[in-house]
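*Asks:* Would you be able to build a 3D model of this:
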Amino acid sequence: QVQLVESGGGLAQPGGSLRLSCAASGFTFSSYAMSWARQAPGKGLEWVSGIYSDGTDTYYSDSVKGRFTISRDNAKNTVYLQMNSLKPEDTAQYYCAKATAPSLNYSPYDYWGQGTQVTVSS
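*Replies:* Now for the predicted structure:
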């Protein structure tokens, strides 16, 4: 069955960095776009970043553009989110999600991971 397992979360200081990983299994990873989303305490789910199946196209929300970088290694069935210049408002549970197509255009998500907590605080 499809599994998405996030890791790499933790506590970081403002201005610091963290790298999240999402290990995928149970499907042909290289055939599907992937995204990261987050949910801060008391707030709704926010899409953060997405990447096409072949890694050629990447997209970011305005809130993280220029600070976060999404990438994928199709040989390792893993998608990453490098987070730099972290801010307290980046504190959230971060989830990876599998799209239903190779691109992100009008592609809903059918599987989500369990999430990894990121806390940015001094």
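
*Asks:* so how many other residues sit close to the closest residue to Val2 other than its chain neighbours?
*Replies:* Closest residue in space to Val2, ignoring its immediate chain neighbours: Gly26 at 4.1 Å, by C-beta to C-beta, 6 or more residues apart in numbering. Where you see a C-beta, it was placed from the backbone N, CA and C, and this is true even at glycine. Here the neighbour count serves as a burial measure; for Gly26 (other C-beta atoms under 10 Å) it reads 12.

*Asks:* And Gly26, how close does it get to Tyr95?
*Replies:* Distance, Gly26 to Tyr95, using C-beta to C-beta, to the nearest Å: 17 Å.

*Asks:* Repeat that for Ser7.
*Replies:* Computed as C-beta to C-beta, the Ser7 to Tyr95 distance reads 12 Å.

*Asks:* Same question for Asp110.
*Replies:* Asp110 sits at a distance of 13 Å from Tyr95 (criterion: C-beta to C-beta).

*Asks:* Run through the chain and note the low-pLDDT ranges.
*Replies:* Confidence mapping of the chain against pLDDT under 70 gives zero matching residues.

*Asks:* what ranges do the helices span in this protein?
*Replies:* Taking DSSP state H as the criterion, the chain carries no helices.

*Asks:* Just give me the residue right at the centre of it.
*Replies:* Among the residues of the chain, Trp36 comes closest to the average C-alpha position under C-alpha atoms, centre = their mean, at 2.6 Å.
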